[in-house]
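In: Got a predicted model here, sequence first, then my questions.
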Amino acid sequence: MGQRRRKERLRQLALESIDLAKDPYLMRNHLGTYECKLCLTLHNNEANYLAHTQGKKHQQGLLRRAMLEKQAGASLAAPLVEQQKKAPAAVRKVKIGRPGYQVSKSRDKDNQRCLTFVLDYPECEQAMQPRHRFMSAYEQKVETPDKNYQFLLIACDPYETVAFKIPNE
């Protein structure tokens, strides 16, 4: 019991003294877990990540990184920093509404159900190809999660992103 209190107290102290928002190696992924980009490790919570940063593997990774940067020299690092500062901010395009779409249900030769999505993007550039992504019901924030469904998202500028709710089977 005393060890648990001690660990909790140390975790609170570390959270207060270390600003995780400024940590360049911490990344929160779409599953809600934390990743260390330096060591390529996964962590369930911030406390676990903080414990990892004090560990041998992370400390050796920091030393290796520092030696590589030292060998590369400051002359190479300086232009990179300036280029990053000069990079223009992402231009936000005005969305012009939803594309026209048509959904058809059918069955294939094995009598399995199929869905066909036909989207119409008349204002889209010829070279631009719409992007798609499947999203689990637990990733989206619009509806309450339901394990019986997943979502198909299709996006193409300058149109709004369209999502279709698909049953899991």
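Out: That came in fine, so what should we check first? Numbering: from 1, shown residues only.
In: Please make it C-alpha for all contacts and neighbour counts, starting now.
Out: Will do.
In: Now do whichever strand or helix holds Leu153: which elements does it pack against?
Out: In this structure, Leu153 sits in strand 149-155 according to DSSP states H and E. If contacts are counted by 3 or more CA pairs under 8 Å, 6 or more residues apart in numbering; DSSP states H and E, strand 149-155 sits against strand 131-136, strand 162-167.
In: Partner strands of that strand and their direction?
Out: Strand 149-155 has the following strand partners under DSSP bridges: strand 131-136 (antiparallel), strand 162-167 (antiparallel).
In: Please export the C-alpha coordinates of that strand as PDB.
Out: What follows is strand 149-155, C-alpha atoms only, in PDB (Å, rounded to 0.1, in the frame of the first residue of the first chain):
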ATOM      1  CA  TYR A 149     -21.100  -0.800 -37.400                       C
ATOM      2  CA  GLN A 150     -18.100   0.800 -39.000                       C
ATOM      3  CA  PHE A 151     -17.700   4.000 -41.100                       C
ATOM      4  CA  LEU A 152     -16.400   4.600 -44.600                       C
ATOM      5  CA  LEU A 153     -15.100   8.200 -45.000                       C
ATOM      6  CA  ILE A 154     -14.500   9.700 -48.400                       C
ATOM      7  CA  ALA A 155     -12.900  13.100 -48.900                       C
END
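In: No more questions from me, cheers.
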